[in-house]
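>>> for reference, the sequence and a predicted model appear below.
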Amino acid sequence: MELVQILWDRRDFFLTCLLEHIRISLTAVVCAGILGILAGVLISRHRKAAGIALGVINVIYTIPSISLLGFLIPFTGIGNKTAVIALTVYGLLPIVRNTYTGLTNVDAGILEVAEGLGGDQRQVMLKIRFPLALPVIISGFRNMVVMIIAMSGIASFIGAGGLGAAIYRGITTYNMTLTAAGSVLIAALALFSDWLLSRVEKAVGRRYGIE
Amino acid sequence: MSEVIAIQNCCAAYGENQVLSGVSLKVKKGEFLVIIGPSGCGKTTLLKLMNGLVTPVRGEVAVKGKALTEWDLTAMRRGIGYAVQGAKLFPHMTVEDNICYVPRLERKMTREEKKTLTEKMLALVDLPQELAQRFPRQLSGGQKQRVGIARAMAAEPDILLMDEPFGAVDEITRRGLQEELLDLQKKTGATIVFITHDIEEAFKLGDRILIMKEGRIWQEGTKEELLEAPRDAFVKQLICK
């Protein structure tokens, strides 16, 4: 009850936080999505490089998020920019890994026919390989989006905006309701995005006949 | 020039594993050549030499009088049909898009052009027109094979390479497909190189039959020549099945 009350009473504050949260997450999602898919496509062509690249990304992933934010401060300062960079770096792992897995698991026989019939490397990638990997790539994208939205909450510790600001303020002022309200909104945003993307995933699966 | 494909003393290997040792072969224009042999004898590799999917470690391959090293491989392949076991249709594309794959690598096609070509190809491989908008998963094994052949022939290639294309279909469908393939060759005059492990199929289809064993051409000839003078017990056993 208290939770609903606070959400209603301070709706302008929460709305600002929510929009800011969406803005930061969305920027990171776009950056990580583009970089991650490009990286995944690149390493799918060079299997040796793939092991190294995935290894590096894995190691980065194991750095606690709060310390990654700390590492970045001397270079990019505090605020939204640093937050977006950190979130992008974290978001890379699921999308690169899934892009790579999706692309390398396409039936080799199908790819060979696509090439044998006269498709060049680019055509085989764009017409056959990438579309067939798409369901796996989208599922990685889904993971990434949920992760970035959740992790954006921490970004307020380095002065970035978003719903993390509500949580942070709640913690520093011993206002548990405020913290809970921020958390609930983050969870709701994450769940909603996940649901939305699951619909996309299903639609693509149907279109491409790989349910 | 009557030789469409010429393979000169070719060796091929996958890593350490030598699969072809010094194979030479000529395929004449309009010929139906069948390659037969036990699994692992190198027949698929031999076929892939012809469209450059496998590069020989030694020896030379020439298609239409031009060495493969001088060809732009993708351009060359667009003039060579390729059909394989299990058809390997593109599962995310409709039958129509599968059939139009090769011509669309070269140029954009209008909806009308696609429709016309698909109608023509479906008729050629004796499939009902209403399959055009179906996806491969909605087809039977025999239908898939037919679409696979239609896809291979859509750009009117004068060479058709077929790697056990009827391997995964039932006996009755297979006989139908064999008849149609012979018919198709009569209509188009295409040169066909066809792999099988079924000697009956080889005898039925081939103008000339090439028997392979352990990466070499063991014996070649017409059905009559092989039946009359098999080289050894291996050939005898193969053709008497």
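Noted; the coordinates are in hand. Every value quoted in this text rests on a predicted model; they were computed, and no experiment measured them.

>>> was I right about B:Leu53 contacting A:Glu112?
Yes - shown here, B:Leu53 and A:Glu112 form a contact pair, counting by CB atoms under 8 Å, at 6.3 Å. (C-beta placed from N, C-alpha, C; glycine too.)

>>> so what's the residue count around B:Ile159?
Here the number of neighbours of B:Ile159 (other CB atoms under 10 Å in any protein chain shown) works out to 21.

>>> wait, I meant A:Ile60
Neighbour count of A:Ile60, defined by other CB under 10 Å: 13.

>>> give me the residue at the spatial middle of chain A.
By CA atoms, centre = their mean, the mean C-alpha position of chain A lies nearest to A:Met144, the distance being 2.7 Å.

>>> up against chain A, what does chain B have?
Counting by CB under 8 Å from any CB of the partner chain, the residues of chain B close to chain A are B:48, B:51, B:53, B:74-82, B:84, B:86, B:88, B:90-92, B:101-102, B:105, B:135-137, B:151-152, B:155, B:161.

>>> wait, isn't B:Val193 in contact with B:Leu33?
Yes - using CB under 8 Å, B:Val193 is in contact with B:Leu33, at 5.0 Å.

>>> so for those two, which sits in the more crowded spot?
Neighbour comparison, B:Val193 and B:Leu33: the larger count goes to B:Val193, with 26 against 21 (by other CB under 10 Å).

>>> may I have whichever strand or helix holds that one as CSV, with CA atoms only?
When elements are defined using DSSP states H and E, B:Val193 is found to belong to strand B:191-196. Output of strand B:191-196 as CSV, limited to C-alpha atoms (Å, rounded to 0.1, in the frame of the first residue of the first chain):
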residue,chain,number,x,y,z
THR,B,191,25.5,-32.6,-68.9
ILE,B,192,24.9,-34.5,-65.7
VAL,B,193,27.3,-36.0,-63.2
PHE,B,194,25.4,-38.1,-60.7
ILE,B,195,26.6,-39.9,-57.6
THR,B,196,24.9,-42.9,-56.2
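
>>> what's the helix or strand that it is followed by packed up against?
Moving toward the C-terminus from strand B:191-196, the first helix or strand encountered (DSSP H and E) is helix B:199-205. In terms of contacts (3 or more CB pairs under 8 Å, 6 or more residues apart in numbering or on different chains; DSSP states H and E), helix B:199-205 is packed against strand B:32-36, helix B:171-188, strand B:191-196.

>>> which residues touch helix B:199-205?
By CB atoms under 8 Å, 6 or more residues apart in numbering or on different chains, the list of residues contacting helix B:199-205 from outside reads B:32, B:34, B:36, B:166, B:174, B:178, B:181-182, B:194, B:196, B:209, B:223, B:238-239, B:241.

>>> quick revisit: next, the angle from the strand holding B:Val193 to helix B:171-188.
In terms of direction (axes from the mean of the first three to the mean of the last three CA atoms, to 10 degrees), strand B:191-196 departs from helix B:171-188 by 170 degrees.

>>> what's the average pLDDT for strand B:191-196?
For strand B:191-196, the per-residue pLDDT values average out at 95.

>>> got it, and stretch B:79-95?
Mean pLDDT, stretch B:79-95: 93.

>>> any idea how far apart the tips of it sit?
Using CA to CA, to the nearest Å, the end-to-end distance of stretch B:79-95 comes to 21 Å.

>>> for stretch A:58-71, same thing?
Counting by CA to CA, you get 17 Å between the two ends of stretch A:58-71.
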